[in-house]
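A.B. asks: Just the structure for this:
(one chain, ligands or ions: 1)
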Amino acid sequence: MTPDTTGGTATVEDTAAVRGAPAQPSAGPPTPRGRAEDGAPTGAQPTGDGAALRLLIAPVRGRLVAGAVCQALGSVAAVIPYICIGELALALLDPPVDRRRVWAVVTVAALALVARFVLIGAAGAISHIADADLSHHLRTRLAGHLGRLPLGWFGRRASGRVKTAVQDEVSALHTLVAHAANDFAGAAVTPVATLAYLFWVDWRLALVSMVPLVLFAAAYARITQGYGEQMRGYVGALGRINAAAVEFVRGIAVVKAFGQGRRAHARFLREADAFAEAFHDWTKPMLRPFALAMAAVSGPTMLLVLLGTGIGFVEAGWCEPVDLVPFLVLGIGLAGPLLNLEHSATSLQLARAAAGSLAGLLNTPTVPEPGTPRSPDGHRVELRGVTFGYDGRTPVLRGVDAVLEPGTVTALVGASGSGKSTLAGLLPRFADPDAGAVLIGGADVRDIPSDVLYGQVGFVLQDVGLPRVSLHDNIALARPGADRAQVVEAARAAHVHSVIEALPRGYDSVYGEDAHLSGGQAQRVTIARALLADTPVLVLDEATSWADPESEAAIQDALSRLAVGRTVLVIAHRLSSITGVDQILVLDDGRVVERGRHAELLAAGGRYARLWAARSVALPATADPDPLPSRPHAADPGPDATAPKE
Ligand SMILES: Nc1ncnc2c1ncn2[C@@H]1O[C@H](COP(=O)(O)OP(=O)(O)OP(=O)(O)O)[C@@H](O)[C@H]1O
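C.D. replies: Now for the predicted structure:
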C-alpha cells in the first residue's frame with residue numbers, strides 16, 4: 001500500500017545544460033508566454049490525470065495490450081497445473097486408478113507449465129521493450145520541450161522540477177508499463193480462472209471460498225477512497241522536496257561558509273516535515289482496514305474457512321472428502337494475486353499522478369514562434385517603448401527607447417537591480433516585452449524564427465552554465481559542423497587554447513568530468529563559442545567576478561576582439577572600462593535616465609557623473625587598468641597589449 005518514497009539522485013546540472021543551449025525552434029503552434037518560475041505548469045491542462053496518462057502511453061498502447069493478453073493467457077496456463085493436482089488427487093484417491101487418465105493429466109500439467117513460461121516471458125519482454133521505447137520517447141520529448149521554454153522559466157526551482165520529471169515521473173510510468181499492466185492482467189485473470197474451475201467442482205463451496213474475497217474487496221474500496229487525490233498530493237510533495245533539496249545543495253558552499261545551516265535548509269526541512277505529516281495523515285486511517293483486508297485473504301484464514309465449511313459439507317453428506325482436495329490446493333492461494341492487484345493499483349495511481357504532472361510540464365508554454373516569420377534587414381537594434389515585468393504586474397523596465405547602430409558598442413550602466421540584465425536579455429528573447437518591441441534589422445524579434453534569431457544574436461554571460469559535453473562541442477555548440485582547426489582558432493582568440501591543451505584529453509575533455517575550469521576560464525570558453533558563432537549582434541556581460549587579474553585581462557581582451565565590427569550591448573559593471581564606447585545608457589529603476597558618450601555624460605553632471613565620482617572615491621586611480629570590451633578605436637593599442645600570451 002505504501003508508495004515508494006525513494007527518489008533518484010538530484011542532478012543540479014540539468015538546468016545549466018539547458019540554459020547553455022540556445023532555444024530551438026518550436027514545432028508547435030504559437031502559445032501564450034509562460035512566466036512560471038517555480039516549475040508550476042502554466043499551460044492548458046489535459047482534462048485529468050487519467051486522460052494525461054492515456055495520451056502519454058498512447059505510443060505503446062498496442063504493445064501494452066499485447067503484453068497483457070500474453071500475461072492473461074500465461075496466468076490461465078499457470079492455474080492449470082494446480083487444477084491437474086486436484087484432478088490427480090481425485091483420480092488417485094478414487095480406486096480403481098485409471099492410469100491413462102493419470103498420464104493425460106500429468107501431460108496437460110507439463111504442457112501448461114511450458115506454456116506458462118513462454119507466455120509470461122513473452123509478456124515481460126514485450127512490456128519491457130515498450131517501456132524502454134516510451135521512456136526514451138518521453139525523455140526526448142521533455143528535453144525538446146525544455147529547450148523551447150523561455151529562459152526565464154529556468155529559475156532556482158527548475159532543476160528540481162526537471163529532475164522530478166525526467167527521473168521520478170518517467171520512472172513511475174516505467175513501473176506501470178513494464179510491470180503493473182501485466183501484473184494487473186495476471187492478478188485479474190488468475191482468481192477468475194481458479195474460481196471458474198472451483199464452481200465447476202462444487203458451486204456451493206466455491207461460493208463460500210468467495211466470502212473472504214468479498215470482505216477484502218469491501219475493505220479495499222474503503223482504503224482507496226479519495227486515493228487519486230491523495231496520490232496527487234503525494235507526488236506534488238515529493239516534487240517540492242526534490243526542488244528544495246536541489247536548491248539547498250546548490251547553496252551548500254555559502255551555507256557552510258556562513259554557518260547558516262539551520263536557516264538555509266529551513267525550506268527543505270519545512271517541505272520534508274509537511275511531506276511526512278501529509279503522508280502520516282494519509283496512511284494512518286488506512287492501517288486498520290488494510291490489516292483486516294490482509295487478514296481476510298491470508299492463507300490461514302482461507303484454510304480455516306474452506307476446511308471448516310468443507311467438513312460441515314462432508315458431515316451433511318453434500319460432498320465426499322476427496323471433493324475438498326481442489327479447494328485446499330487452489331482455494332488457499334486464491335487471494336494471492338489480489339495482493340498483486342493492490343500493488344498494481346498503487347502503481348497505476350502513481351503513474352496517473354506522474355502523468356498529470358508530466359503533462360503539466362509538457363504544456364508549459366514554449367517561446368512562441370512567429371506566424372508570419374520575418375528576417376532582419378541589417379544589424380541595427382532598436383528598443384521601442386519597452387516595458388517588462390517578471391510577474392506581469394510590477395514593471396522592471398519602463399518605456400525604454402534606444403537605438404544601437406551597427407558596429408557600435410552600447411554600455412548599460414546603473415545601480416544593482418536597475419534592470420541592466422533584464423534589458424539585455426530581451427535581445428536573445430530570454431523574455432518578451434509586455435509592451436513595446438525589440439527590433440533587429442527592422443524586424444520585431446518575436447517575428448524572427450528562433451534559428452534565424454540565434455544566428456543573429458550571440459551572448460556571453462557571467463553565469464556561463466557550460467553543458468557537460470566535450471570542450472570542442474562546447475565551443476562548437478552554435479556551429480556543430482565546425483572542425484577542430486576552427487574550434488582551436490576561436491579558443492586561441494579567446495585566450496583559452498593553452499588551458500584546454502594542458503588538459504589530459506585536450507579538446508575532448510568533458511566539462512565537469514575531466515575538465516574542471518575556473519570561472520574565468522569557463523567564461524573564455526563561452527567567448528570562444530561566441531567568436532565561432534560569429535553573430536553580428538552580441539550581448540556581453542562584462543567580467544567582474546574573477547579575482548585573478550591575469551584571467552580578467554584575458555577575458556577583457558577576448559571580449560574586445562569579439563566586439564569588433566558587431567552591434568554590441570554590454571552590461572557594464574565598472575565605469576572605467578566603458579569610457580570609450582559609442583553610447584552609454586544609464587538605467588534607473590527600469591528607465592533610461594541619461595544617454596550619451598562618457599565625456600558628454602560627465603559634462604552633464606547628472607546621475608552618470610555622480611556614479612563616476614562615487615567610483616573615483618571608492619577606487620584608487622590605478623585599481624582598474626583593464627581595456628574596454630568595446631569597439632577598438634584607432635588609438636587602441638590592440639587586443640594583445642594586456643592579454644597573456646596564447
Ligand atoms: N528571474 C527573475 N524573476 C523575478 N524578478 C527578477 C528576475 N530577475 C531579476 N529580477 C528583478 O528585476 C529587477 C532588475 O534585475 P536585473 O538583474 O535586471 O538588474 P541589474 O541591473 O542587472 O542588476 P545587477 O547589476 O545586480 O546584476 C530586480 O529588482 C530583480 O530583483
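A.B. asks: CA atoms of stretch 169-187 as PDB?
C.D. replies: The C-alpha coordinates for stretch 169-187 follow below in PDB (Å, rounded to 0.1, in the frame of the first residue of the first chain):
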ATOM      1  CA  GLU A 169       7.800  10.700 -13.100                       C
ATOM      2  CA  VAL A 170       9.200   8.800 -16.100                       C
ATOM      3  CA  SER A 171      10.100   6.000 -13.700                       C
ATOM      4  CA  ALA A 172       6.600   6.000 -12.400                       C
ATOM      5  CA  LEU A 173       5.400   5.300 -15.900                       C
ATOM      6  CA  HIS A 174       8.100   2.600 -16.200                       C
ATOM      7  CA  THR A 175       6.600   0.800 -13.300                       C
ATOM      8  CA  LEU A 176       3.200   0.900 -14.900                       C
ATOM      9  CA  VAL A 177       4.200   0.000 -18.400                       C
ATOM     10  CA  ALA A 178       6.900  -2.600 -17.700                       C
ATOM     11  CA  HIS A 179       5.300  -4.300 -14.700                       C
ATOM     12  CA  ALA A 180       2.000  -3.100 -13.400                       C
ATOM     13  CA  ALA A 181      -0.100  -3.600 -16.600                       C
ATOM     14  CA  ASN A 182       1.000  -7.200 -16.800                       C
ATOM     15  CA  ASP A 183       0.600  -7.800 -13.100                       C
ATOM     16  CA  PHE A 184      -2.900  -6.400 -13.400                       C
ATOM     17  CA  ALA A 185      -3.800  -8.800 -16.200                       C
ATOM     18  CA  GLY A 186      -2.400 -11.700 -14.200                       C
ATOM     19  CA  ALA A 187      -3.900 -10.700 -10.900                       C
END
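A.B. asks: where does residue 468 land in three-state SS?
C.D. replies: Here residue 468 takes the coil state, with states given by DSSP: H, G, I helix; E, B strand; the rest coil.
A.B. asks: pretty sure it is touching residue 513, no?
C.D. replies: Yes. Residue 468 is within contact range of residue 513, at 6.8 Å (criterion: Cβ atoms under 8 Å). Heads up, the C-betas are built off the backbone N, CA and C, glycines and all.
A.B. asks: Compare the two and say which is more crowded by neighbours.
C.D. replies: residue 468 (16 against 11; other Cβ atoms under 10 Å).
A.B. asks: So what does the more buried one have for phi and psi?
C.D. replies: phi -80, psi 70 (degrees, to the nearest 10).
A.B. asks: mind listing what residue 165 touches?
C.D. replies: With Cβ atoms under 8 Å, 6 or more residues apart in numbering as the criterion, the residues that contact residue 165 are 142, 357, 358, 361.
A.B. asks: Can you tell me which of the residues you listed is nearest the ligand?
C.D. replies: residue 361 (18.6 Å; Cβ to the nearest ligand atom).
A.B. asks: Could you report the neighbour count for that closest one?
C.D. replies: Look at residue 361: counted by other Cβ under 10 Å, it has 22 neighbours.
A.B. asks: Mind picking the lowest-pLDDT entry from the contacts of residue 165?
C.D. replies: Scanning the contacts of residue 165 for pLDDT, the low point is residue 357. It has 82.
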